[in-house]
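A.B. asks: Fold the following and give me the result.
(chains A, B, C and D)
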Protein chains: 2
Amino acid sequence: MKKITSQQQRVLDCIQIYLKKTGFPPTRADICKELGFKSPNSAETHLRALEKKGFISIESGTSRGISVNNQNNSFGGDEYPVIGLVAAGSPTLAEENIERTINCPKSFFESGFDYFLKVRGLSMKDAGIMEDDLIAVKKTTDVKNGDIVIARLDDEVTVKFFNRKSSNIVELEPANEDFENIIINLENEQLHIEGKSVGLLRKN
Amino acid sequence: MKKITSQQQRVLDCIQIYLKKTGFPPTRADICKELGFKSPNSAETHLRALEKKGFISIESGTSRGISVNNQNNSFGGDEYPVIGLVAAGSPTLAEENIERTINCPKSFFESGFDYFLKVRGLSMKDAGIMEDDLIAVKKTTDVKNGDIVIARLDDEVTVKFFNRKSSNIVELEPANEDFENIIINLENEQLHIEGKSVGLLRKN
DNA sequence: AAAAATACTGAATATATGTACAGTATAATA
DNA sequence: TATTATACTGTACATATATTCAGTATTTTT
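C.D. replies: Numbers count the residues shown, from 1 in each chain, chains lettered A, B, ... in the order given. Here you go, the predicted model:
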């Protein structure tokens, strides 16, 4: 997906807001009215650019024949980013790390959450967390023993049970006997808690 | 809401299917084409009737200006019932079986779904399905080998992998070595497929 | 039994709408 | 430096589309 310009983003937003409000897509004239353009061709060229970049589809010769190419375009809740569990670096919300977004209500997971993390590997399989599952992550450092945490050790990001053994010793425990516990002495090593799991989403 | 006639229901269905497929509502001519009418006025009168009865709204003078009046749009998505996995009886959508409802977008699970089923027991734990997880169930009898199905044997409802061994023999396979496969001879026993799992939701 | 609603065909028309063509200007890219 | 993409105004026109009018027939409601 090529990058979108700010004006093209305005047009795309306009289409989605219009759709949400009326239930059908806008005409070129509608877009002009909303965004203050004075020629229908202004909207037309933006639409062509958005189509070329893959953001929308246009049915030729069809009135209001615009459809937004977003698989989950329900609008109404919020868009939450899905972040791949990158081996190196923290799962930031930088655009290059966002695989896609999922629309769901704010209150979907009781305590609220910030993003979805796509799971790699089976180190938490006995906790029912499988490959490609999406963990709903709440960004917080306030974690208790037994919480499933998203932790970063150096540049490695992992999902594990959290266990504080003493003020300096933290144990990261997998839920799979094929994996070993990770014991961290906070005096020697840096442990960064990105957040904790507050839910899980799986699509078959 | 006044009662709808069968032909009006066909027109309403047509609008919704067209919307889902194209992303924008149909014209009168589109409806005629889909339903075999020969005059655009056939569609027009049905639309007027549907509007009068409150099922749709029509924006006058506007091409494709049809919007479906979805009563339960508490925010974009729909309310989906959560049904407890009752030991006896089928997980019907009768009110007494509905524990609560969850609001989420229609397209949340790729192929669409009908309700959430709350899981009891750990018979599918190696498939990452844990106690109290919510399985997104799509009501269908069209299941393939390897699908996770919601099956009813007599009055017992279970979630298992589906495996058709021969035209008369079906195997229901758990994902937990502590449980045994269930082998059903369709000549002797009744097997009812309630639907299949299309996703999973867990709240910590 | 009369009136209203349902369920169509068929033709006609005003207008809503997509879209092409002719310009102007600036920023980004090769 | 030339070229392409972006970002517009403005005019024009073919056609896509809503909508009205004139009928016919059956069913439902009053």
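
A.B. asks: Can you tell me which residue sits nearest the middle of chain A?
C.D. replies: The residue lying closest to the centre of chain A (C-alpha atoms, centre = their mean) is residue A:81, at 1.1 Å.

A.B. asks: and the strand or helix carrying it, which strands flank it?
C.D. replies: Assigned by DSSP states H and E, residue A:81 belongs to strand A:78-84. Sheet pairing here is set by DSSP bridges, and for strand A:78-84 it gives strand A:98-104 (antiparallel), strand A:115-118 (parallel).

A.B. asks: Out of those strands, which is the most enclosed?
C.D. replies: strand A:115-118 (a mean of 22; mean count of other C-beta atoms under 10 Å in any protein chain shown). Yep, even glycine has a C-beta here, placed from its N, CA and C like the rest.

A.B. asks: Could you check how far that strand is from the centre of its chain?
C.D. replies: 6 Å (C-alpha atoms, centre = their mean, to the nearest Å).

A.B. asks: Which strands border the helix or strand following that strand, and is each parallel or antiparallel?
C.D. replies: Remark: after strand A:115-118, the chain's next helix or strand is strand A:134-138, criterion DSSP H and E. If you go by DSSP bridges, strand A:134-138 pairs up with strand A:115-118 (antiparallel), strand A:191-203 (antiparallel).

A.B. asks: right, and the helix or strand after the helix or strand containing residue A:15?
C.D. replies: Per DSSP H and E, residue A:15 falls inside helix A:6-22. Counting by DSSP H and E, the next helix or strand C-terminal to helix A:6-22 is helix A:28-35.

A.B. asks: so does that next one get close to DNA strand C?
C.D. replies: Yes - using C-beta under 7 Å from any atom of the strand, helix A:28-35 reaches DNA strand C at A:28, A:29.

A.B. asks: buried stuff in that helix?
C.D. replies: A:28, A:30, A:31, A:32, A:34 (16 or more other C-beta atoms under 10 Å in any protein chain shown).

A.B. asks: Name the nearest of the residues you listed relative to residue B:57.
C.D. replies: Closest approach between these and residue B:57, by C-beta to C-beta: residue A:30, at 17.0 Å.

A.B. asks: So that closest one sits against residue A:18, correct?
C.D. replies: Yes - using C-beta atoms under 8 Å, residue A:30 is in contact with residue A:18, at 6.4 Å.

A.B. asks: how about low-confidence regions in chain A?
C.D. replies: Flagging of chain A using pLDDT under 70 yields the residue ranges A:1-2, A:70-79, A:85-99, A:106-107.

A.B. asks: Walk me through the domains of it.
C.D. replies: A:6-68, A:78-201 (automatic domain parsing).

A.B. asks: before we move on, back to that, name the residues of the strand holding residue A:81 that are buried.
C.D. replies: Those would be A:80, A:81, A:82, A:83, for strand A:78-84 by 16+ other C-beta under 10 Å.

A.B. asks: Of those residues, which is the nearest to DNA strand C?
C.D. replies: Lowest distance from DNA strand C to the buried residues of strand A:78-84 (C-beta to the nearest atom of the strand) belongs to residue A:81, with 24.5 Å.

A.B. asks: Looking at strand pairing, list the partners for the closest one.
C.D. replies: Going by DSSP bridges, residue A:81 forms beta bridges with residue A:101.

A.B. asks: gap between it and residue B:158?
C.D. replies: Going from residue A:81 to residue B:158 by C-beta to C-beta, to the nearest Å gives 36 Å.

A.B. asks: Please apply the same query to residue A:179.
C.D. replies: Residue A:179 is 31 Å from residue B:158, by C-beta to C-beta.

A.B. asks: Same drill for these two, tell me which one is more crowded.
C.D. replies: residue B:158 (20 against 16; other C-beta atoms under 10 Å in any protein chain shown).

A.B. asks: Can you tell me who that one pairs with across the strands?
C.D. replies: Applying DSSP bridges, one finds that residue B:158 bridges with residue B:151.

A.B. asks: I'd say it and residue B:173 touch.
C.D. replies: No - when contacts are counted by C-beta under 8 Å, residue B:158 is not listed as touching residue B:173 (10.8 Å).

A.B. asks: Overlap in contacts, these two.
C.D. replies: Counting by C-beta atoms under 8 Å, 6 or more residues apart in numbering or on different chains, the residues touching both residue B:158 and residue B:173 are residue B:182.

A.B. asks: do you know how far residue A:146 is from residue B:116?
C.D. replies: 26 Å.

A.B. asks: ugh, wrong one, I meant residue A:31
C.D. replies: Residue A:31 is 39 Å from residue B:116, by C-beta to C-beta.

A.B. asks: and what of residue A:112?
C.D. replies: 20 Å.

A.B. asks: and what of residue A:150?
C.D. replies: Relative to residue B:116, and taking C-beta to C-beta, residue A:150 is found at 26 Å.

A.B. asks: and if you look at residue A:151?
C.D. replies: 31 Å.

A.B. asks: Start and end of stretch A:116-132, how far apart?
C.D. replies: 11 Å (C-alpha to C-alpha, to the nearest Å).

A.B. asks: For that stretch, buried residues please.
C.D. replies: Buried-residue list, stretch A:116-132, by 16+ other C-beta under 10 Å: A:116-120, A:122-125, A:127-130.

A.B. asks: ok, back up a step: so how far is the strand holding residue A:81 off the chain centroid?
C.D. replies: That offset, for strand A:78-84, works out to 1 Å (C-alpha atoms, centre = their mean).

A.B. asks: Show me which residues of chain A sit near DNA strand D.
C.D. replies: So far as C-beta under 7 Å from any atom of the strand goes, chain A lies against DNA strand D at A:5-8, A:32, A:36-42, A:45-46, A:49, A:52-53, A:61-65.

A.B. asks: Would you check which of those residues are in contact with chain B?
C.D. replies: Subset of those in contact with chain B: A:62, A:63, A:64, A:65, counting by C-beta under 8 Å from any C-beta of the partner chain.
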